[in-house]
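In: here you go, sequence then predicted model.
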Amino acid sequence: MPEPLTRDRRYMPGLDGLRALAVIAVIVYHLGFGWASGGLLGVAVFGVLPGIAIAVALSLGDFVRQAWRPHTAILGRIRGRKGYHDIERHPEAVQIPGLIIYRFDAPMFFANAEYFSDGVIEAIATRQDPIGWIVLAAEPITDIDTSAAEAFDQLLDDLEIESVHLVLAELKGPVKDRLRSYGLYERLGDDRFFATVGAAVHGYLDVSGVKWVDWSDKEPDVGRGSHPE
């Protein structure tokens, strides 16, 4: 005869329950409690497997949300620090006259292609000085699909009308291959691709005639790190 359940054993979580809690804990770690509380509630109301399904769906939803409207930044230089940094987080960062450095922190696909183009146009509109170049800090862009390529092509048309030159810095090789397959690499040309943001900035200064002396050209680097923000 099975041993009758005692009060203590009756309320101990089973193996499935512990696994569910482990999954929810991972999602809490990645999403924060606000999102993951839906998964916890799902386990409590619907049981282990439906609760896990709800938690996974919330996790995927948050991933899509971040890709749909990813973080973007306009970058500038901070005296005494390496690299280029988000001017919204660092108002003391200085921008070079006539140049915008724009970073898009996600792959480009159909859902965020218009968001990307609108961000570039807005960045130009908010500057008081005439813009000659936009440097796209492209390291976070790990892919570009057909719809995004079409939007990018249209953006190039719009920028050409305004006499704004768009170049890309730190773009990964596989993404360059994607651009070649869409005919965009040929349209841009080799001279619009730079290994680093710094190289792109120097390219702008060389062709524009803008007088700009970076702090690192005058004094030693005493920065607190080289990672951009």
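Out: Cool, got the structure.
In: C-alpha from now on. contacts and neighbour counts both.
Out: Noted.
In: can you count the residues close to residue 213?
Out: 10 (other Cα atoms under 10 Å).
In: wait, is residue 177 part of a helix?
Out: Yes: looking at residue 177 with DSSP: H, G, I helix; E, B strand; the rest coil, it is inside a helix.
In: pull out the buried residues from stretch 139-146.
Out: The neighbour-count check on stretch 139-146 (16 or more other Cα atoms under 10 Å) flags 139, 141-146 as buried.
In: which residues are in contact with that stretch?
Out: 103-110, 169-172, 174-175, 178-179, 182 (Cα atoms under 8 Å, 6 or more residues apart in numbering).
In: try 6 Å this time
Out: With Cα atoms under 6 Å, 6 or more residues apart in numbering as the contact definition, stretch 139-146 has outside contacts at 105-109, 170-171, 175.
In: follow-up on the earlier one: for residue 195, state which of the buried residues of stretch 139-146 is nearest.
Out: Nearest to residue 195 out of the buried residues of stretch 139-146 is residue 139 (Cα to Cα; 10.0 Å).
In: how close does the closest one get to residue 89?
Out: Separation of residue 139 from residue 89 (Cα to Cα, to the nearest Å) stands at 20 Å.
In: and for residue 120?
Out: For residue 120, the distance to residue 89 equals 19 Å [Cα to Cα].
In: and these two? which has more neighbours close in?
Out: Counted by other Cα under 10 Å, residue 120 and residue 89 do not tie: residue 120 has more neighbours, with 23 against 12.
In: in terms of helices and strands, where is that one?
Out: Per DSSP states H and E, residue 120 falls inside helix 113-125.
In: past that helix, which element shows up next along the chain?
Out: Of the helices and strands lying after helix 113-125 in sequence (DSSP H and E), the nearest is strand 133-137.
In: buried ones in whatever helix or strand comes next after that next one?
Out: Moving toward the C-terminus from strand 133-137, the next helix or strand (DSSP H and E) is helix 146-161. Within helix 146-161, the residues that count as buried by 16+ other Cα under 10 Å are 146-153, 155-156, 159.
In: check stretch 180-199 too.
Out: Neighbour counts using 16+ other Cα under 10 Å place 182, 184-185, 188, 192-194, 197 of stretch 180-199 among the buried residues.
In: what do you get for stretch 84-95?
Out: Buried-residue list, stretch 84-95, by 16+ other Cα under 10 Å: 84-87, 93-95.
In: ok, stretch 203-211 next?
Out: So for stretch 203-211, counting by 16+ other Cα under 10 Å, buried means 204-205.
In: mind jotting down where the strands sit in the protein?
Out: 72-76, 85-86, 99-104, 133-137, 165-169, 193-194 (DSSP state E).
In: so for residue 116, which of these sits nearest?
Out: strand 99-104 (7.3 Å).
In: by contact count, what packs against that closest one?
Out: strand 72-76, strand 133-137 (3 or more Cα pairs under 6 Å, 6 or more residues apart in numbering; DSSP states H and E).
In: ok, back up a step: the strands of the chain into CSV, with extra columns for mean pLDDT and distance to residue 215?
Out: Shown next, in CSV, are the strands of the chain (pLDDT from 0 to 100; distance: least, Cα to Cα, whole Å):
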stretch, mean pLDDT, distance to residue 215
strand 72-76, 98, 12
strand 85-86, 96, 15
strand 99-104, 98, 17
strand 133-137, 98, 20
strand 165-169, 98, 21
strand 193-194, 98, 22
